[in-house]
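**Student:** this one's structure only:
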Ligand SMILES: [Zn+2]
């Protein structure tokens, strides 16, 4: 059995090559659906992989929010979006929108806030 940490689940490749998805709520193998228990889940729990998955996700979230590269790319895409929707803007507005988009990339919200200036 081999395990790989994905974004939202642990992937298990069994010795026969089948792939299973495991989350805290279960495994998608047949055995688990009957017994609420399987060797994939027991192994994931023994290796503490859900904790590792959480840690990995927390780390990638903080990287995503704080890296200069990502921030610059986000600022670029905000300017691009403002131009695309013909909304006049200043750098001050771009920075203000950056704070909002950092937390929530919703386009409607973006446009509403952008048009308010
Ligand atoms: Zn299973």
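**Tutor:** Nice, I can see it. Please read all numbers here as calculations on a predicted model, not as lab measurements.
**Student:** in the helix or strand of the chain with the lowest mean pLDDT, what's buried?
**Tutor:** Lowest on mean pLDDT, DSSP states H and E among the helices and strands of the chain sits helix 49-66, with a mean of 82. Buried residues in helix 49-66, counted by 16 or more other CB atoms under 10 Å: 49-50, 53. (Each C-beta comes from the backbone N, C-alpha and C, glycine too.)
**Student:** export those residues to a markdown table and tack on distance to residue 34?
**Tutor:** As requested, the buried residues of helix 49-66 are exported to a markdown table (distance: CB to CB, whole Å):
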| residue | distance to residue 34 |
| --- | --- |
| 49 | 23 |
| 50 | 22 |
| 53 | 25 |
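**Student:** Tell me the one among those residues nearest to residue 72.
**Tutor:** The closest of the buried residues of helix 49-66 to residue 72 turns out to be residue 53 (CB to CB; 28.9 Å).
**Student:** Give me the below-cutoff pLDDT ranges for the protein.
**Tutor:** 63-64, 104 (pLDDT under 70).
**Student:** residue boundaries of the strands in it?
**Tutor:** 2-5, 10-13, 19-23, 26-27 (DSSP state E).
**Student:** Which strands and helices lie in contact with the second one?
**Tutor:** Using 3 or more CB pairs under 8 Å, 6 or more residues apart in numbering; DSSP states H and E as the contact criterion, the secondary-structure elements in contact with strand 10-13 are strand 2-5, strand 19-23, helix 39-46, helix 49-66.
**Student:** Repeat that for the shortest one.
**Tutor:** Of the remaining helices and strands, those touching strand 26-27 by 3+ CB pairs under 8 Å, 6+ apart are helix 39-46.
**Student:** what's next to the helix it packs on, contact-wise?
**Tutor:** Contacts to helix 39-46, defined as CB atoms under 8 Å, 6 or more residues apart in numbering, come from residues 1, 3, 10, 12, 14, 20, 22, 26-27, 29, 31-32, 50.
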